[in-house]
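Novice: requesting a structural model of the entry that follows:
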Amino acid sequence: MDRRQFVRSSVALGGAMMLSPMARAAEAGVFADKIVFGQTVGFDSVWGGLYKNYTNGLLAGFEQVNAQGGVAGRKLVVKRLEDNYLPDKAVANVKTLVQEGVFGLVCMGGTGNTIATLPLLEQYRLPMVGAMTGATAARKPSAPLFHTRASYADEVTKMVQHATTIGLKRVAVVYQDNPFGSGNADAAKAAASKFGAQIVALIPHNAKGDDIDMVVDKIAAANPQTTLLFTSPTSVADMLTRYQAKHGPVPLPQPWILSVTTPKTVFEKAGPLAHGVAVTQVMPGPNARTQPLVRAFREANDKFGDHGNQTYEAVEGFLTARVIVDGLRACGSNPTRDGFIQALEGFGTRDFGGVRVHYDRNNHAGLDYVDVTMIGSSGHLVG
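Specialist: Residues are numbered from 1 along each chain as shown. Here you go, the predicted model:
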């Protein structure tokens, strides 16, 4: 099944649910034959490719379990609503999903969206597993949000630590002028202080990416040895190409990007200029076949997902599905929202095929796994 078909199938399923009134459930979202989760995410946004990969990994994991009879005889279903990476729309979508009686939420996209919806999760004790953000502000133990990725602070710390280890201590930081960007800029300042680096430029920019020339001029003026880019894949590619055009022949000084900044998109748009861009990753690579989690992902993805979607984000979505399934199984035959939350908080440290996830009542952070890769000459990641 290709990516477009796979995504369409999940949307069609959600649409069918909206058209067909569901019999009242004893617990929100729990029916005799299915458990219904909700998702608000920006497929139609600058981060759309990332979120589609992420969601397809989740759905491959769910479909694998459904083919085996589901959880306690119930299939796992996702109703998705588009939020265009807009916090206000994400909040409205969560309210709609609560009114329509979902059991919980899965795989939200975006820092601002996640932070904006935390009060609703607390108000309704609505569990959510997986959010495509590593922002510290989104990691609030009182909210029933269970993360399945390391924090951005973990990633940024790894960037600065690695850069200073190889002698790159003059650091420029480019960041979107929003919660995603400013949080990472703060993490970079903290990491620079810890590892003896010097922040020579802090450059906010518009998330729409219409100020790229201004950004590259400021980078050039600061004369950094390395550049941390906390922005979208398209903006990263534009910065690589515009810097080369305006300030070449020397390329943008050793760029770094976060795991959410889809390297494939960067390479497709920037071509050879993307070669050498360093990328932090919060999952084992999709080709790391020695990892049991990756082998399980590939088996599920090949049979139930998008065979071409061998991405880090899809592995993350698949891990999220695994966490959800384990939590539901711990609830027994009559899952409830509160029981599901308690089951996840009772995990302690649990191994998911070589990746350890930890939850307890005071810690929903999940994991701190971070690795360093680089975009190779063909666009593939090398580690």
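Novice: ramachandran angles for Met374?
Specialist: Dihedral pair for Met374: phi -150, psi 150, per degrees, to the nearest 10.
Novice: ok, it - contacts?
Specialist: 276-279, 381-383 (Cβ atoms under 8 Å, 6 or more residues apart in numbering). C-beta here means a position set from N, CA and C on the backbone, and glycine is covered the same way.
Novice: confidence score at it?
Specialist: Predicted confidence (pLDDT) for Met374: 97.
Novice: ok, it to Val236 distance?
Specialist: 14 Å (Cβ to Cβ, to the nearest Å).
Novice: so the residue nearest the centre of the chain bridges to which residues?
Specialist: When Cα atoms, centre = their mean is applied to the chain, the residue found nearest the centroid is Met132 (2.5 Å). Here Met132 sits in beta bridges with Gly109, as judged by DSSP bridges.
Novice: isn't it right up against Gly109?
Specialist: Yes: with contacts counted by Cβ atoms under 8 Å, Met132 reaches Gly109, the gap being 4.6 Å.
Novice: list residues touching both of the two?
Specialist: The contact sets of Met132 and Gly109 overlap at 47, 50-51, 54 (Cβ under 8 Å, 6+ apart).
Novice: out of those residues, who's the most crowded?
Specialist: The most crowded member of those, judged by other Cβ atoms under 10 Å, is Tyr54 (31 neighbours).
Novice: now do the same contact list for that one.
Specialist: With Cβ under 8 Å, 6+ apart, Tyr54 has these contacts: 107, 109, 130, 132, 313-314, 316-317.
Novice: again, 6 Å this time
Specialist: 107, 132, 313, 317 (Cβ atoms under 6 Å, 6 or more residues apart in numbering).
Novice: over to Ala143?
Specialist: 118, 121-122.
Novice: could you rerun that using 8 Å?
Specialist: Ala143 neighbours (Cβ under 8 Å, 6+ apart): 118, 121-122, 364.
Novice: hang on, the earlier thing: so which of the contacts of Met374 comes closest to Thr136?
Specialist: Val279 (20.8 Å; Cβ to Cβ).
Novice: which SS state does the closest one fall under?
Specialist: strand (DSSP: H, G, I helix; E, B strand; the rest coil).
Novice: which strand residues bridge it?
Specialist: Ile257, Thr373.
Novice: does it touch Asp371 like I think?
Specialist: No: look at Val279 against Asp371 with Cβ under 8 Å: they stay out of range, at 9.2 Å.
Novice: more neighbours, the two?
Specialist: A count of neighbours by other Cβ under 10 Å puts Val279 above the other of Val279 and Asp371, at 24 against 18.
Novice: now do that one, the pLDDT please.
Specialist: The model's pLDDT for Val279 equals 98.
Novice: repeat that for Val46.
Specialist: At Val46, pLDDT is 83.
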